[in-house]
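Participant: I need the structure of the sequence given here:
(2 chains)
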2 protein chains.
Amino acid sequence: MAVLIAAPDRDLSVLLARIGELAPELDIRSLEQLSETTDIDFAVVWKHPAGLLRQLPGLKAISSLGAGAEHLLTDPELPPDLPVGRLAGARLAADMAAWLVARVIGHWRRFDQLRVQQNERRWQPLTPQSPPVVGLLGLGVMGTRTFQAFRSLDIPVAGYSRTGRGPDDLDIHFGPDGLKTLVSRSDYLICLLPLTQHTRGILNAELFKHMKTGSVLINVGRGEQLVEPDLIDALKTGRPGEAILDVFSTEPLPADHPFWNHPQIHISPHCASITHPREAAELIVASYRRVQAGKPPLGLVDRTRGY
Amino acid sequence: MAVLIAAPDRDLSVLLARIGELAPELDIRSLEQLSETTDIDFAVVWKHPAGLLRQLPGLKAISSLGAGAEHLLTDPELPPDLPVGRLAGARLAADMAAWLVARVIGHWRRFDQLRVQQNERRWQPLTPQSPPVVGLLGLGVMGTRTFQAFRSLDIPVAGYSRTGRGPDDLDIHFGPDGLKTLVSRSDYLICLLPLTQHTRGILNAELFKHMKTGSVLINVGRGEQLVEPDLIDALKTGRPGEAILDVFSTEPLPADHPFWNHPQIHISPHCASITHPREAAELIVASYRRVQAGKPPLGLVDRTRGY
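Facilitator: Prediction:
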């Protein structure tokens, strides 16, 4: 029995070394050293090569190496009844919450303007207005953690989830009308949704019409959730007034993409929160021990919902 | 009986209007309309004019309009037994915590570098290192709130207070050796101390020697706590590597001050957290009602400690 870890675009050295420390008895294989595959009963993958799953007839379960599983669920070779897990660790969620808090507060308190003033040797205190309303689309592990972080700073938060699920102490909207209401209340609208058939293209012209003038759209979900040409048009109307984007429909963002030098768009290269090799190693070992014991992997995905 | 509100450098219009709404029965006076002064039994002041206290023989108590009271305690005309209060509201502390979290996380996650990369159309993910250690000097209302905010993001925090007082669940150092230990552990060293005889000039060459190479000093306490020439020298050694300063020994910072264009110094014009007129109005009314009932004002200062 063996575990395959396949993530062609990642450097796995720290992850593999850490698994070796945590569970030296495990037979861990990577794509480079893959000859025998029939004894592999668990695989942890991220953007795996097409055709890989066909070579793994002995799988009892499979897991995404990250918090999203859409790259796995869209593989037509995924056996229909194979349990699919994902790794959404506490560090991943805390990093995301910290990144979002810093983006929102830094924008609200106008750190960019303070930099301009310093360059001009200009002393002009910028008094904070009342705290902004933060709207969270998506209330899973990361959305919940982000809600808690803003609440700890007395920043008002409201949330949206398709089904209405989320923390009991959060003001939650759900369903299509709930989405519009949440959007119309938000000074900062943050997308943390998983990519599913329901969320692909959800950030579009129709939704932007409900945003407040001068509000800020923040996308840290998936690039495919944003209709990029719609955003360019919407920014001309001021709804939203700015966009802070970490994910894009094509990554890396092509050098000639109009987002790069758009004055209302702030870009980061998909690094708001990244799976930590040491945390992932612990989760992989824990998930495999569950699978060995006949249990589902960690972060079991509801394949009907898509997350 | 009447209340004097004296803050020559502040626009008091919102504050006075709000007090009028909250407690229309109170006789509230400002410096502009000051003729009769003997019936004033409570004063709320911020950088009041010299000689003012002499004109107020009927005071039962006095309060700073802000969180610091040093401008009051250093007035030689302050009657020795007069109770002194200060206004440190929840909003003031939350704004400070939010500002500090955004400064630290934005620096840790290298938002400035992301901006540079965008300008160059360069896609280069910046992976976060392990969370930095935040060291808090001063564990009063604002220090405690700041500790809680960082903790909610899983950022390790340690604290220092002269006496060892502070939140039970915080790792607290105290006394001169404790100060050195805290400083030597901190990646971000935040000064939130009150200005007293013990803290004037506390951020000096001797302290900087204990800082980690490349660490960041953040001063949001009082400008007089920092020995400014010592900082210029220390930045040359990389301990600290950068400084984020909101307060200065002379404010506004003079146009020819060397801090303005120092590449390792980030300046904001004393606006990290500012008394909110609406919150201050509520606190002033509540404090005066206490004084009328024979109780000490809100935020009673221990005049021996100086805060």
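Participant: what helix or strand is A:Ile62 located in?
Facilitator: strand A:61-64 (DSSP states H and E).
Participant: next: A:Ile190.
Facilitator: Per DSSP H and E, the secondary structure element for A:Ile190 is strand A:188-191.
Participant: and A:Gly299, by the same measure?
Facilitator: Going by DSSP H and E, A:Gly299 is not in any helix or strand.
Participant: not counting sequence-adjacent ones, nearest residue to it?
Facilitator: Among residues not flanking A:Gly299 along the chain, A:Arg86 sits closest, at 4.1 Å (CB to CB, 6 or more residues apart in numbering or on different chains). To be clear about C-beta, it is placed using only N, CA and C from the backbone, and glycine gets the same treatment.
Participant: burial count for that neighbour?
Facilitator: 24 (other CB atoms under 10 Å in any protein chain shown).
Participant: pLDDT wise, what is it at?
Facilitator: Here the pLDDT value assigned to A:Arg86 is 96.
Participant: for it, give me its contacts.
Facilitator: A:63-64, A:66-69, A:298-299, A:301 (CB atoms under 8 Å, 6 or more residues apart in numbering or on different chains).
Participant: again, but for A:Phe111
Facilitator: A:Phe111 neighbours (CB under 8 Å, 6+ apart): B:102-103, B:106.
Participant: in a markdown table: those, plus secondary structure and neighbour count.
Facilitator: Listed next are the contacts of A:Phe111 as a markdown table, based on DSSP: H, G, I helix; E, B strand; the rest coil; neighbours: other CB atoms under 10 Å in any protein chain shown:
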| residue | secondary structure | neighbour count |
| --- | --- | --- |
| B:Ala102 | helix | 23 |
| B:Arg103 | helix | 25 |
| B:Gly106 | helix | 21 |
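Participant: closest to chain A out of the residues you listed?
Facilitator: B:Ala102 (3.6 Å; CB to the nearest CB).
Participant: the strand holding A:Ile62: what's the following helix or strand?
Facilitator: Reading on from strand A:61-64 to the C-terminus, the next helix or strand found by DSSP H and E is helix A:70-73.
Participant: and the contacts of that next one?
Facilitator: Contacts for helix A:70-73 (CB under 8 Å, 6+ apart): A:45-48, A:62, A:64, A:78, A:84, A:194-196, A:222, A:301, A:303, A:306.
Participant: average model confidence for it?
Facilitator: Averaged over helix A:70-73, pLDDT sits at 93.
Participant: quick check on the contacts of helix A:70-73: which are buried?
Facilitator: A:45-46, A:48, A:62, A:64, A:84, A:194-196, A:222, A:301, A:303, A:306 (16 or more other CB atoms under 10 Å in any protein chain shown).
Participant: buried set for stretch A:289-297?
Facilitator: Quick answer for stretch A:289-297 (16+ other CB under 10 Å): A:290-291, A:297.
Participant: start to end distance for it?
Facilitator: Using CA to CA, to the nearest Å, one end of stretch A:289-297 lies 9 Å from the other.
Participant: swap in stretch A:124-133?
Facilitator: So stretch A:124-133: terminal residues 25 Å apart, CA to CA.
Participant: same thing with stretch A:16-35?
Facilitator: With CA to CA, one end of stretch A:16-35 sits 18 Å from the other.
Participant: quick one: is that stretch near chain B?
Facilitator: No - using CB under 8 Å from any CB of the partner chain, stretch A:16-35 stays clear of chain B, with a minimum separation of 13.7 Å.
Participant: measure the residue most central in space within chain A to A:Leu100 for me?
Facilitator: Centroid check for chain A by CA atoms, centre = their mean gives A:Gly221 as the closest residue, at 4.2 Å. Separation of A:Gly221 from A:Leu100 (CB to CB, to the nearest Å): 12 Å.
Participant: equivalent analysis for A:Leu153, please.
Facilitator: Applying CB to CB to A:Leu153 and A:Leu100 gives a distance of 12 Å.
Participant: sorry, back to before: lowest pLDDT pick from the buried ones among the contacts of helix A:70-73?
Facilitator: A:Gly306 (88).
Participant: sorry, back to before: wait, does the strand holding A:Ile190 contact chain B?
Facilitator: No - judged by CB under 8 Å from any CB, strand A:188-191 makes no contact with chain B; its nearest approach is 12.8 Å.
Participant: who are the packing partners of that strand?
Facilitator: Helices and strands touching strand A:188-191, as assessed by 3 or more CB pairs under 8 Å, 6 or more residues apart in numbering or on different chains; DSSP states H and E, comprise helix A:90-108, strand A:134-137, strand A:216-219.
Participant: now those in a markdown table, please, with extra columns for distance to A:Glu282 and mean pLDDT.
Facilitator: Formatted as a markdown table, the helices and strands packed on strand A:188-191 follow (distance: least, CB to CB, whole Å; pLDDT from 0 to 100):
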| stretch | distance to A:Glu282 | mean pLDDT |
| --- | --- | --- |
| helix A:90-108 | 10 | 97 |
| strand A:134-137 | 27 | 98 |
| strand A:216-219 | 29 | 98 |
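Participant: what's the closest of these to B:Ser249?
Facilitator: Evaluated over the helices and strands packed on strand A:188-191, closeness to B:Ser249 peaks at helix A:90-108, with 26.6 Å, by CB to CB.
Participant: and that closest one, what's buried?
Facilitator: Quick answer for helix A:90-108 (16+ other CB under 10 Å): A:91-108.
Participant: re earlier: residues in contact with the strand holding A:Ile190: which ones?
Facilitator: Taking CB under 8 Å, 6+ apart as the rule, strand A:188-191 contacts A:100, A:104, A:107-108, A:132-138, A:146, A:182-183, A:202-203, A:211, A:215-221, A:225-226, A:240.
Participant: keeping just the C-alphas, turn it into CSV.
Facilitator: Extracted in CSV, the C-alpha atoms of strand A:188-191 (Å, rounded to 0.1, in the frame of the first residue of the first chain):
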residue,chain,number,x,y,z
TYR,A,188,-16.1,45.6,0.8
LEU,A,189,-17.5,42.6,-0.9
ILE,A,190,-15.2,39.5,-0.5
CYS,A,191,-15.6,36.4,-2.6
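Participant: what mean pLDDT does that strand get?
Facilitator: Mean predicted confidence for strand A:188-191 is 98.
Participant: try stretch A:258-270
Facilitator: Stretch A:258-270 shows an average pLDDT of 98 in the prediction.
Participant: mind checking the end-to-end distance for it?
Facilitator: End-to-end for stretch A:258-270, by CA to CA: 17 Å.
Participant: quick one: it to chain centroid distance?
Facilitator: Chain-centre distance of stretch A:258-270: 18 Å, with CA atoms, centre = their mean, to the nearest Å.
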